[in-house]
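Asker: got a structure for you, letters missing:
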């Protein structure tokens, strides 16, 4: 398609505005076809050297989910000790994971040892493989939101422990632990902003050289 309509562009902008990091999910199970539609968006993502280094684990067993939840709880308690005073109080009041309720949970990895792409672009900047995985996650996030789903990125985790619990190959690097499901509510304002943790920058700063 050579041109997109103004309505399409406006809809895309709205979709990006409504993309939020969701931590409060309904427990309703997701239709398998809908989950697959979201995962299929990875096949549309760009990757350095066409290496497609993403590796996806659907965390479904009670054992794996409990281990991941305990991982988060331990890391979260440790993180709390790094704050004091009002900041500690605010941190303790944040909901930083939807792992107890989200019906779908995904561990997204980067295969740092993949031969696909023959190292093009990754020889000088090997981190480009991981950036490629992040780009693919962004496409899935928008796809999920377009279908009314919410996605939450859990970053308060011990990656090494999660790798052991999920028994992943040693050359895989954790990029994201994602919770997906129907959100309890929708908001244009990030929860971290509503809870007074941080505010969004009023404008984008761009430098020239």
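Answerer: Nice, I can see it. A quick note: this is a predicted structure, and the numbers were derived from the prediction, not measured. Residues are numbered from 1 along each chain as shown.
Asker: Mind giving me the packing neighbours of the strand or helix carrying residue 160?
Answerer: Using DSSP states H and E, the element containing residue 160 is helix 159-166. In this structure, helix 159-166 makes packing contacts with helix 62-80, strand 172-181, judged by 3 or more Cβ pairs under 8 Å, 6 or more residues apart in numbering; DSSP states H and E. The way it works is simple: take the backbone N, C-alpha and C, and place the C-beta from them, glycine included.
Asker: Can you give me the end-to-end span of stretch 179-197?
Answerer: One end of stretch 179-197 to the other measures 22 Å (Cα to Cα, to the nearest Å).
Asker: Quick one: mean pLDDT over that stretch.
Answerer: Average pLDDT, stretch 179-197: 93.
Asker: Name the residues of that stretch that are buried.
Answerer: Neighbour-count burial for stretch 179-197, counted by 16 or more other Cβ atoms under 10 Å, picks out 179-183, 191.
Asker: Kindly report the same for stretch 112-128.
Answerer: For stretch 112-128, burial by neighbour count (16+ other Cβ under 10 Å) applies to 112, 114, 117, 121-122, 128.
Asker: Rounded mean pLDDT for it, please.
Answerer: Computed over stretch 112-128, the average pLDDT equals 96.
Asker: Nearest to residue 15, out of the helices and strands packed on helix 159-166?
Answerer: strand 172-181 (16.3 Å; Cβ to Cβ).
Asker: Okay, angle between that closest one and helix 62-80 too, please.
Answerer: Strand 172-181 runs at 100 degrees relative to helix 62-80, counting by axes from the mean of the first three to the mean of the last three Cα atoms, to 10 degrees.
Asker: Looks to me like residue 49 is in a helix.
Answerer: Yes: according to DSSP: H, G, I helix; E, B strand; the rest coil, the state of residue 49 is that of a helix.
Asker: Point out where this protein drops to low pLDDT.
Answerer: Within the chain, the stretches with pLDDT under 70 are 1.
Asker: show me the contacts for the residue nearest the centre of the chain.
Answerer: Nearest to the geometric centre of the chain sits residue 153, at 3.7 Å (Cα atoms, centre = their mean). Contacts for residue 153 (Cβ atoms under 8 Å, 6 or more residues apart in numbering) come out as 21, 137, 176-178.
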